[in-house]
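S.K.: give me a 3D structure for the following:
(one chain, ligands or ions: 1)
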Amino acid sequence: MNDVLEQLKRGVRRFQTEVYPEQAEVFAQAASERQRPHTLFITCADSRIDPNAITSTGPGEVFVTRNIGNMVPPYGEMLGGVSAVIEFAVSALKVQHIVVCGHTQCGAMQALLAPGSTDAMPTVKSWLTNAHAALSVTESLRKRDGAQALDILTQQNVLLQLQHLKTHPSVAGAMALGELTLSGWVYNIGTGEILIAEDGEAAFAPV
Ligand SMILES: [Zn+2]
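M.R.: Next up is the predicted model:
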């Protein structure tokens, strides 16, 4: 007996009998045409984040990719899932906006601040190097301002990943034509508040 699988199956049945019928038209419409999402949403794999819920979006609107720490390796350094998703979303789906969304209480950010904590997870440790420049900025700002390291790092990581995004040829090309914009978000899981740094600005402001 697999209790977790049974729990998931109960959820599927509830979706099929209660949720789907209520939105049957929306799903039928989404299935009848090619997807045309307006946004690529890059966020953390953290199970407490629901991209559709926090943006009040439905099927077909947001193309989502998630990984530990909502990171975007600079182009050419780690060709893989994230780079392929970005290229496909921009070049084939023609998304008009890319969001990099970090969040409070992020385990990846906490691990960056406690380097020994990932010693037994070499793959995670290696992945986190994508945020090392943000860690360096955080250490400098903390000495200067005395603010909470975790809060600074969460914001600085989002800003760094926006910079990395611009190293991807598909992104740089679409931005040059004015067809694509970027923003960096920090979602507060405990309060629902979302801070946004619009493209070109390093300051986060509440929505
Ligand atoms: Zn996280």
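
S.K.: the biggest helix by length in the chain and the ion, are they touching?
M.R.: Ordering each helix of the chain by length in residues (DSSP state H) puts helix 149-165 first. No - if you take CB under 5 Å from the ion as the test, helix 149-165 misses the ion, and the best it gets is 8.7 Å. Using the backbone N, CA and C atoms, a C-beta is placed for each residue, glycine as well.

S.K.: go through that helix and flag the buried ones.
M.R.: The neighbour-count check on helix 149-165 (16 or more other CB atoms under 10 Å) flags 149, 152-162, 164-165 as buried.

S.K.: list the helices and strands that helix packs on?
M.R.: Counting contacts by 3 or more CB pairs under 8 Å, 6 or more residues apart in numbering; DSSP states H and E, helix 149-165 packs against strand 97-103, helix 107-113, helix 132-145, strand 181-187, strand 194-198.

S.K.: try 10 Å
M.R.: Helix 149-165 sits against strand 39-44, helix 81-87, strand 97-103, helix 107-113, helix 132-145, helix 169-176, strand 181-187, strand 194-198, with contacts defined as 3 or more CB pairs under 10 Å, 6 or more residues apart in numbering; DSSP states H and E.

S.K.: that one vs strand 181-187, what angle?
M.R.: With axes from the mean of the first three to the mean of the last three CA atoms, to 10 degrees as the basis, helix 149-165 and strand 181-187 are set at 160 degrees to each other.

S.K.: could you list the low-pLDDT ranges of this protein?
M.R.: 1 (pLDDT under 70).

S.K.: contact residues of it facing the ion?
M.R.: Proximity of the chain to the ion, by CB under 5 Å from the ion, involves residues 44, 46, 106, 108.

S.K.: ok, the first one touching M109?
M.R.: In other words, C44. Yes - the criterion here is CB atoms under 10 Å, and C44 meets it with M109 at 9.1 Å.

S.K.: about what we covered before: now, which of the buried residues of helix 149-165 sits nearest L141?
M.R.: Among those, I152 lies closest to L141 (CB to CB), at 5.3 Å.
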